[in-house]
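*Asks:* Got a predicted structure plus its sequence, pasted below:
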Amino acid sequence: MAKINTALLLKIGAAGAGAVLVAWLVLALFLSTESPKSKSVSDENHCPDCGRQLPKAYVGTGQCPYCELEALTKGKPAKPKRGYGSGAFNPLVPGSLIALLSILGGIHLGLAYRKRRAQVEDLPRFYFSCPKCKRKLRYRARQGGKFAMCPLCHGPIIFPKVPPPEKRWVRFKRWVTSVGRQRQVQNAEK
C-alpha cells in the first residue's frame with residue numbers, strides 16, 4: 001500500500017479552501033441579487049422597506065406588521081422574513097472558510113515542525129572535552145573539523161572530524177570477535 005503524503009494533502013486542502021473563499025468573494029461582491037439602492041433606514045427599530053417604526057415585539061425579527069397587513073389587503077403573499085437571502089451573504093460563510101484555512105495551515109505547520117525535529121534528532125551526537133577547562137561538549141557530525149568557542153571558558157576549539165559510519169557487517173564482525181575474545185578469556189580462567 002502506498003504511503004500517504006499528509007503534507008501534500010494539506011496543501012491541496014488549503015488550496016481548495018482558498019479557491020472556495022475567493023469564489024465566495026466573487027459571488028458575494030459581483031453577483032449580488034440585491035439592488036444597489038441605498039436604504040434610508042438602517043437601524044433595527046424601523047422597517048427597512050416602509051421606514052415605519054416597529055413595535056417592540058417585532059424589533060430585530062426582520063418582520064414588519066404594517067408591510068404584512070398591506071400585503072394581505074392587496075392580496076399578495078406577505079414577504080418572507082428578511083434574512084441574508086442566499087447562503088453567500090451569510091456571515092458564517094467567510095468565517096468558517098477562514099477558520100478552515102487556519103486549521104489546515106496550523107496542521108501543516110505542526111507536521112512540518114515535527115518532520116524537521118525528527119530529522120534533527122536522528123543525527124548522532126559526538127562528545128569532546130575542552131582542552132582548557134575540560135568541559136564535556138557535544139557536537140554533530142557536520143560540525144567536525146570546524147572552529148568553535150567553549151561556552152564556559154570561551155577558549156577556541158576545533159572539533160575533531162568524525163570518521164565515516166561503519167557498515168553493519170563490519171560492526172557485526174567486530175561484535176562477534178569481541179564475544180569470541182570474551183569467551184576465550186573465560187575459558188582461560190577456568
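*Replies:* On my side now, so go ahead.

*Asks:* CA atoms for contacts and neighbours, from now on please.
*Replies:* OK.

*Asks:* and the next element down the chain from the lengthiest helix in the chain?
*Replies:* Longest helix of the chain, by residue count under DSSP state H: helix 92-122. From helix 92-122 onward toward the C-terminus, using DSSP states H and E, the following helix or strand is strand 125-129.

*Asks:* Show me what that following strand is in contact with.
*Replies:* Counting contacts by C-alpha atoms under 8 Å, 6 or more residues apart in numbering, the residues outside strand 125-129 that touch it are 135-141, 159-160.

*Asks:* Partner strands of it, with direction?
*Replies:* Applying DSSP bridges to the sheet, strand 125-129 is found paired with strand 136-140 (antiparallel).

*Asks:* For the helix or strand that comes right after the partner strand, the averaged confidence score.
*Replies:* Next along the chain after strand 136-140, taking DSSP H and E as the criterion, comes strand 147-149. Over the span of strand 147-149, the pLDDT mean works out to 90.

*Asks:* could you say what helices and strands strand 147-149 packs with?
*Replies:* Strand 147-149 sits against strand 156-158, with contacts defined as 3 or more C-alpha pairs under 8 Å, 6 or more residues apart in numbering; DSSP states H and E.

*Asks:* Quick one: distance of the strand it packs on to the chain centre.
*Replies:* On the basis of C-alpha atoms, centre = their mean, to the nearest Å, the separation between the geometric centre of strand 156-158 and that of its chain is 41 Å.

*Asks:* From the chain's centroid, how far away is the next helix or strand after that strand?
*Replies:* As assigned by DSSP H and E, the chain's next helix or strand after strand 156-158 is helix 168-189. What separates the centre of helix 168-189 from the centre of its chain is 52 Å, taken as C-alpha atoms, centre = their mean.

*Asks:* Please list the outside residues in contact with helix 168-189.
*Replies:* Applying C-alpha under 8 Å, 6+ apart, helix 168-189 has no contact partners.

*Asks:* Just the buried residues of it, please?
*Replies:* Under the neighbour-count criterion of 16 or more other C-alpha atoms under 10 Å, helix 168-189 has nothing buried.

*Asks:* Perfect, that will be all.
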